[in-house]
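Peer 1: Here is my input; please provide its structure:
(2 chains)
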Amino acid sequence: MPAVSKGDGMRGLAVFISDIRNCKSKEAEIKRINKELANIRSKFKGDKALDGYSKKKYVCKLLFIFLLGHDIDFGHMEAVNLLSSNKYTEKQIGYLFISVLVNSNSELIRLINNAIKNDLSSRNPTFMCLALHCIANVGSREMAEAFAGEIPRILVAGDTMDSVKQSAALCLLRLYKASPDLVLMGEWTSRVVHLLNDQHMGVVTAAISLITCLSSKNPDEFKTCVSLAVSRLSRIVSSASTDLQDYTYYFVPAPWLSCKLLRLLQCYPPPEDGAVKGRLVECLETILNKAQEPPKSKKVQHSNAKNAILFEAISLIIHYDSEPNLLVRACNQLGQFLQHRETNLRYLALESMCTLASSEFSHEAVKTHIETVINALKTERDVSVRQRAADLLYAMCDRSNAKQIVAEMLSYLETADYSIREEMVLKVAILAEKYAVDYSWYVDTILNLIRIAGDYVSEEVWYRVIQIVINRDDVQGYAAKTVFEALQAPACHENMVKVGGYILGEFGNLIAGDPRSSPLVQFNLLHSKFHLCSVPTRALLLSAYIKFINLFPETKATIQEVLRSDSQIRNSDVELQQRAVEYLKLSSIASTDVLATVLEEMPPFPERESSILAKLKKKKGPGAVSVELEDGKERGELNGGGDRGVPDLTNALSTPSPSADLLGLRSAAPVSGAAPSAGSLLVDVFSEAGPAAASAGVNDDGFLRFVCKNNGVLFENQLLQIGIKSEYRQNLGRMYLFYGNKTSVQFVSFSTTLNVQTKTVEPLVEGGAQVQQVINIECLTDFVDAPLLNIKFRYGGALQNISLKLPVTINKFFQPTEMAAADFFQRWKQLSQPQQEAQKIFKASHGMDTEVLKAKLLGLGTALLENVDPNPENYVCAGVIQTKAQQVGCLLRLEPNAQAQMYRLTLRSSKDTVSQRVCDLLAEQF
Amino acid sequence: MIKAILIFNNHGKPRLSKFYEHYNEDTEQQIIRETFHLVSKRDENVCNFLEGGMLIGGSENRLIYRHYATLYFVFCVDSSESELGILDLIQVFVETLDKCFENVCELDLIFHVDKVHNILAEMVMGGMVLETNMNEIIIQVDAQNKMEKSETFIFQSPRQDR
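Peer 2: Predicted structure coming up:
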């Protein structure tokens, strides 16, 4: 018998729906709907004695209208009224309306909550389920506040019906996800875990979702679930296909539950108990064996269900990453699927293999499938599958196969779908850089990328090739030659012109010996592309031209001619016009020496994370690029940075941000033209009298003031003021130093040195002027000593010498971490070894004002956690220090004692030196 | 977690939309359109999984769909769900509808949207799977129908039913 007979529908509803379906146009439909809405509104407003049947009919109509995409702004109150009906039909339609058209109006929620409360206590299982569904659908905080205490009770009560238990489990899960702080499992934990043993498989199915979520958040509290899950899984896997009756799906016993059990186990490391582990390994082997058995049915549902379990089992094996035997079997199984005729299986196999490729046990085994994967990339009809194949090639790439894989990806790019080209380009660029043994191959690859997919080559990619060419002098000649050849093509991509312009501008001299690429030929080649390019590219080319004048004096006349032409010097674009004017002037008035200084070759770029990698991460989210992260060392080798020897901190005076330094020569443009005015000479005489004594020794007064703040004045005397602005993100930072001349006389021979790596600032600071210096900072590992900054200059006749500690402290690399009280105490307990803790008791040196304290703790960089410490007077904070080498979680507790004017400060972190350093730094702040 | 369940026909007309995360109405409609656009342009016999549209979370989420005659059944799920498991779930859902409506067709979904919601609610709750056993689901639906019938008998008035 069908459960819904077709005759019992509501006639009015059917007529309305038919009307809509018969509408010839969108306008007619809207008209009909508006008419109906008006009708319903008047019915709801006017006729107080609307019977349940009519209400249900109208609500159904509203649902239908809503599904068509029209806003419904009334009817909520009527729906809420239906909730308190004691007729199932009315109650049910009321709940349905609310769950589809959730409205966060809190007045309404209060009424809904009342109705739910009544239904939950009704002991009528149907009503209870309706109410639980409603909570799960809305899942708002107000509901969590009202019911988070009640639902666990329903879930574990002995007399609760199975269907209600199922609903209660998922309802609780929903509330936990929405408001974890309100759902306190404590006393229920063990009883909830034991639901895994419940007789009713439906209860287990619902409960396992709840347990998985709770376990992933609080693994320790729920770890007893591991052995229960293993024994449940074992019973299912070893059962005959008929044992589980209704839960057998196309001859596969309880596939859904098996998958979920395997997922739950992925929240934990391999079981420590030998017996449990043995049983689990047995299960996994049985699952792998079953895959080889002949199918019990030809239906696709049968193989789907069977393989769903198999893929989850493989995920678990990969997650454990400790059983070489199983890993190799898993890899072989996936290898079979790579050639399966079911597209879904090929897709999933490619995806699983991606994770398998990062395991050291199976990396080699995965590599044996390279030909199949390349073939998939070339022949799959489905773009989703091709995408997975490209991902897998990327994951299995290493030094041994990089050239082959990069070549295949490049040739795939020529025909690749537009939707994945940009990502492919990034991946090729990263692989080429990471595994480049010789740089000529790298340069070739990137230029090919630009040639094949120029539109998809983002700024990051071509900036990067330029950075690398500039930093590696062994490839500069080759790069110049190759771009020169590439530019010969009649139509080449604008990105190629940019790279070509930049590289020839810097290194064109390296190929100028060959008459086929003489200076003038190079210039003419570049200039032939000029008119086809956009403004930013033209600007870059103009800069290349002025560099040419410096490199090749013989081109000066030709280039000046070009600059002087109306199309340049009167260009309507301000930027181009200004460049033309300034460069023309520069080339005509500056002596060769000045020109050579101003237009010197670009200094090496500071080492930093490849911007391409950062872009890919942004595109794909954190998980997707795990493969190359562990390979950081190889990347460093290629960048050839000389600063690896610095133990703590790599500071490099930055050439400005990439966009500025590649496009502009602004920073090198003439700056020192103006001579000191007579006025300032006059003042000179007076100020000569009191020059500040040249200070020796390191000055660190300012240093400690910056532990909890990032901006301010670091140093000031009668002559000089040094201001700081700094910003930090993860393990990177950037600091701007502003040197202000407080006098009206210029400082000459102004120089700053940093004990790390440095580049000169402008040697003159005019009276009253300020110069700026930018320092890029990368935190490699935790450190104690701050970098030293030495400043020397001549003021009047006297040499001034100032040494300062730069306020770069380990806490600058804090990322705040919000956590609930339970998490905090759990982690606190985990960090209980004596060396992980650092503690200081000290006297307050400032007032103990709450707001000031809070501001300081926030300034430290940690998250200030409210409602964690049982004593409201105390402060607790949490954060993670990001260094390149590792992340160090840090917990902090500050206990003020107002009477004694004392503090006790306790730091716990996973690294002893960090606890100690942060404790030392912070103790000076209060 | 299942983020959304959508059913639409070959022309993109929505027949059921159930979101387990809150979006405003306009976004919901856009998601339905975007999903239809993504799914409908795919050939038959390609795989049943694809990355979600931008609106519903891009590569974090996945669309898993089946195409039955005139209807697309699309589940949008996050990475915690087994793809093949969800395909089976769609099959269970459709088989259940088929049992409840006796050879279900698109018109049944149009005229009995409330029933479809009820059946779905017995399978999926708050984005998590409540029950996968078809017989169990049908028992619940039957019980509800009985209650409904007994009540309808009392107050249904066939007159002037507009």
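
Peer 1: alpha carbons only for contacts and neighbour counts from here, please
Peer 2: Will do.

Peer 1: neighbours of residue 26, just the number please.
Peer 2: Let's take chain A. 10 (other Cα atoms under 10 Å in any protein chain shown).

Peer 1: um, chain B though
Peer 2: Neighbour count for B:D26, taken as other Cα under 10 Å: 12.

Peer 1: Just checking the helix-or-strand element of chain B with minimal mean pLDDT against chain A, any contact.
Peer 2: Every helix and strand of chain B was ranked by mean pLDDT, DSSP states H and E. The lowest is helix B:134-155, at a mean of 82. Yes - contact between helix B:134-155 and chain A, assessed by Cα under 8 Å from any Cα of the partner chain, occurs at B:134-135, B:138, B:141-142, B:145, B:147-148, B:151-152, B:155.

Peer 1: Let's see that helix as PDB, backbone CA atoms only.
Peer 2: Written as PDB, here are the backbone C-alpha positions of helix B:134-155 (Å, rounded to 0.1, in the frame of the first residue of the first chain):
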ATOM      1  CA  MET B 134      14.100   2.300   4.400                       C
ATOM      2  CA  ASN B 135      11.700   0.100   6.200                       C
ATOM      3  CA  GLU B 136      12.200   2.000   9.400                       C
ATOM      4  CA  ILE B 137      11.600   5.300   7.600                       C
ATOM      5  CA  ILE B 138       8.400   4.000   6.000                       C
ATOM      6  CA  ILE B 139       7.000   2.800   9.300                       C
ATOM      7  CA  GLN B 140       7.400   6.300  10.700                       C
ATOM      8  CA  VAL B 141       5.800   7.900   7.700                       C
ATOM      9  CA  ASP B 142       2.900   5.400   7.800                       C
ATOM     10  CA  ALA B 143       2.300   6.100  11.400                       C
ATOM     11  CA  GLN B 144       2.100   9.800  10.600                       C
ATOM     12  CA  ASN B 145      -0.300   9.300   7.800                       C
ATOM     13  CA  LYS B 146      -2.600   7.200  10.000                       C
ATOM     14  CA  MET B 147      -2.700  10.000  12.500                       C
ATOM     15  CA  GLU B 148      -3.400  12.500   9.800                       C
ATOM     16  CA  LYS B 149      -6.200  10.400   8.300                       C
ATOM     17  CA  SER B 150      -7.900  10.000  11.600                       C
ATOM     18  CA  GLU B 151      -7.800  13.800  12.200                       C
ATOM     19  CA  THR B 152      -8.700  14.800   8.600                       C
ATOM     20  CA  PHE B 153     -11.800  12.700   8.900                       C
ATOM     21  CA  ILE B 154     -13.000  14.800  11.800                       C
ATOM     22  CA  PHE B 155     -12.600  18.300  10.300                       C
END
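
Peer 1: neighbouring contacts of that helix?
Peer 2: A:3-4, A:52-53, A:87-89, A:246, B:92, B:95-96, B:100, B:118-119, B:122-123, B:131 (Cα atoms under 8 Å, 6 or more residues apart in numbering or on different chains).

Peer 1: Also stretch A:826-845?
Peer 2: So stretch A:826-845 is contacted by A:891, A:901-912, A:915-916, A:919, A:923, A:926 (Cα under 8 Å, 6+ apart).

Peer 1: Next up, the contacts around A:C60.
Peer 2: A:13, A:93, B:113-114.
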